[in-house]
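>>> Generate coordinates for the sequence data below:
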Amino acid sequence: MFLSFISEQYIGFKGDLSSMKFILTMIICTSVYNTCLEPFPMAERYNTHYECMIAGYNEAIDKAKEIGPKDVNKYGTIIKFFCYGTENEKIIIPKPKPKTEI
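Sure thing, here's the model as predicted:
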């Protein structure tokens, strides 16, 4: 299976990603209380989106182990992460999703 993003609109940036650095940003949430902590950008910068993504998965696993199974199960912990591209330390953030009324 091959995944392709034909249009740049899906990644929120037009241009070559190879000249960028990437910042890993972690978000820890609880499904029990339906809340999240503020996004936390990690200090390290990554040379590629791939390196950032792999680091994100590893950091999420480490954080889940640090929190421990008791609290993960008790609070329904969810760990999300994003890799934001930077140019000259300026963060390029994708456009927010449109809000829908319930």
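>>> What segments of this structure are helices?
49-67, 69-75 (DSSP state H).
>>> Cys29: which of those helices is closest?
helix 69-75 (9.1 Å; Cβ to Cβ). Where C-beta positions appear, they are placed from N, C-alpha and C, glycine not excepted.
>>> Which other helices and strands does the closest one contact?
Of the remaining helices and strands, none touches helix 69-75 by 3 or more Cβ pairs under 8 Å, 6 or more residues apart in numbering; DSSP states H and E.
>>> Nearest to Thr35, out of the helices of the chain?
helix 69-75 (9.9 Å).
>>> ok, what's across the strand from Tyr84?
Listed by DSSP bridges, the beta-bridge partners for Tyr84 are Ile23.
>>> re earlier: mean neighbour count and distance to Phe81 for the helices of the chain - can I get that in TSV?
Converted to TSV, these look like this (neighbours: other Cβ atoms under 10 Å; distance: least, Cβ to Cβ, whole Å):
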stretch	mean neighbour count	distance to Phe81
helix 49-67	14	4
helix 69-75	12	16
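>>> could those go into TSV alongside mean pLDDT and distance to Ile23?
Listed next are these as TSV, based on pLDDT from 0 to 100; distance: least, Cβ to Cβ, whole Å:
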stretch	mean pLDDT	distance to Ile23
helix 49-67	96	8
helix 69-75	97	25
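>>> Could you dump the ones you listed into a markdown table and include distance to Ala43?
Shown next, in a markdown table, are the helices of the chain (distance: least, Cβ to Cβ, whole Å):
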| stretch | distance to Ala43 |
| --- | --- |
| helix 49-67 | 12 |
| helix 69-75 | 25 |
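>>> Tell me which of those helices lies nearest to Leu24.
So among the helices of the chain, helix 49-67 is nearest, using Cβ to Cβ, at 5.2 Å.
>>> Please list the residues outside that closest one that contact it.
The contact list for helix 49-67, computed with Cβ atoms under 8 Å, 6 or more residues apart in numbering, reads 17, 22-24, 26, 28, 42, 44, 46, 72, 77, 79, 81-83, 85.
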